[in-house]
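> Any chance you can model this:
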Amino acid sequence: QVQLVESGGGLGQAGGSLRLSCAASGMPFSSYAMAWFRQAPGKEREFVAGIAWNDDSKYYEDSVKGRFIIARDNSKNTVYLRMNTLKPEDTAVYYCAARWQRVTIQPIDYDYWGQGTQVTVSS
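A predicted model of the protein is given here:
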């Protein structure tokens, strides 16, 4: 069955960097768009970044543009999220998600989800 496994979360400092990874299995990874979402306590899950199946298009939520970078390595069935210039408001559980080919920003559109990884940014 399909599995998405996130790693790389933890404690970061404001202004610092973290890199998240999401390893996929059980699916034709290169045919799927991949995205990162996050959910802070008491808030709805929100889109952070997405990358199309062919690596042709990347999308970012406004608050992370210029700070976060999404990338994929189809040879490793892995998607990454490089988070730079961290802010305390980036604190959340981060989830990777997969859907067929195209990126959308709505969580309901995604077929597969990882279990999430906690990112905590201290000021």
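> ok, now which ones touch the nearest residue to W100 once chain neighbours are set aside?
Leaving aside its sequence neighbours, W100 sits nearest to Y32 (C-beta to C-beta, 6 or more residues apart in numbering; 6.2 Å). Using the backbone N, CA and C atoms, a C-beta is placed for each residue, glycine as well. By C-beta atoms under 8 Å, 6 or more residues apart in numbering, the contact set of Y32 is 24, 53, 98-101.
> Can you measure across stretch 92-107, start residue to end residue?
16 Å (C-alpha to C-alpha, to the nearest Å).
> The residue of the chain most remote from its centre and F68, how far apart?
Computed with C-alpha atoms, centre = their mean, the residue of the chain farthest from its C-alpha average is S123, at 22.3 Å. The gap separating S123 from F68 is 19 Å, by C-beta to C-beta, to the nearest Å.
> Same check on F37?
12 Å.
> what residues are up against the closest residue to Q1 other than its chain neighbours?
Once flanking residues are discounted, Q1 sits nearest to G26: 5.2 Å by C-beta to C-beta, 6+ apart. Shown in contact with G26 (C-beta under 8 Å, 6+ apart): 1-3.
> any chance of those in a markdown table, with distance to R82 too?
Below are the contacts of G26 laid out as a markdown table (distance: C-beta to C-beta, whole Å):
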| residue | distance to R82 |
| --- | --- |
| Q1 | 29 |
| V2 | 24 |
| Q3 | 23 |
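> with the residues you listed in mind, which one is nearest to D111?
D111 lies nearest to V2 out of those, by C-beta to C-beta, at 7.9 Å.
> What is the neighbour count of that closest one?
Per other C-beta atoms under 10 Å, the neighbour tally for V2 reads 13.
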